[in-house]
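Visitor: sequence plus predicted model, see below.
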Amino acid sequence: MLDNSDAFIALPGGIGTLEKKFQIASRAQLNIYHKPIGLLNVDGFFNKLLSFLDQAEEENFIPLSTQQIFIFASTSEEMIDKLEDFIYEPDPVTAQID
């Protein structure tokens with residue numbers, strides 16, 4: 001699934017949903033995948049997750065390039081537009097990891 005996908009989209013869900021999305025983000029940080037992770041933010045469900053990711057990046061726990069693969073949108077139309085416009089920008093430090 002990971003190799004054959006251009007992007008990943010998650011609807012509001014539980015631990016399993018988050019586990020898969022963070023697994024993909026971990027692989028992005030290790031330069032294995034550079035595919036966007038769309039989070040359909042229905043009724044603000046992912047607002048606190050977005051705040052957490054912002055804080056983690058601000059405090060240097062995750063690189064900006066990893067945070068940027070998370071795409072938040074309130075509607076499916078907005079999500080498709082953002083995913084089509086997504087361009088991965090590698091982190092200069094993590095880009096050196098083999």
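Guide: Nice, thanks for sending it over.
Visitor: which pLDDT value belongs to the most centrally placed residue in the chain?
Guide: The structure's the chain has its C-alpha centroid closest to residue 70; by CA atoms, centre = their mean the separation is 2.4 Å. Looking at residue 70, its pLDDT is 94.
Visitor: wait, what's in contact with the closest residue in space to it that isn't next to it in sequence?
Guide: Among residues not flanking residue 70 along the chain, residue 37 sits closest, at 5.3 Å (CB to CB, 6 or more residues apart in numbering). Where you see a C-beta, it was placed from the backbone N, CA and C, and this is true even at glycine. Residues counted as contacts of residue 37 (CB atoms under 8 Å, 6 or more residues apart in numbering) are 7-10, 21, 24-25, 69-71.
Visitor: and stretch 15-25, average pLDDT?
Guide: Rounded mean pLDDT across stretch 15-25 is 92.
Visitor: CA-only coordinates of it in PDB, if you can.
Guide: The C-alpha coordinates for stretch 15-25 follow below in PDB (Å, rounded to 0.1, in the frame of the first residue of the first chain):
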ATOM      1  CA  ILE A  15      -5.500   5.200  17.700                       C
ATOM      2  CA  GLY A  16      -5.100   2.900  14.700                       C
ATOM      3  CA  THR A  17      -5.700   5.900  12.400                       C
ATOM      4  CA  LEU A  18      -3.100   8.000  14.100                       C
ATOM      5  CA  GLU A  19      -0.600   5.100  14.400                       C
ATOM      6  CA  LYS A  20      -0.600   4.600  10.600                       C
ATOM      7  CA  LYS A  21      -0.200   8.300   9.800                       C
ATOM      8  CA  PHE A  22       2.700   8.700  12.300                       C
ATOM      9  CA  GLN A  23       4.300   5.500  10.900                       C
ATOM     10  CA  ILE A  24       4.300   7.200   7.500                       C
ATOM     11  CA  ALA A  25       5.600  10.400   9.000                       C
END
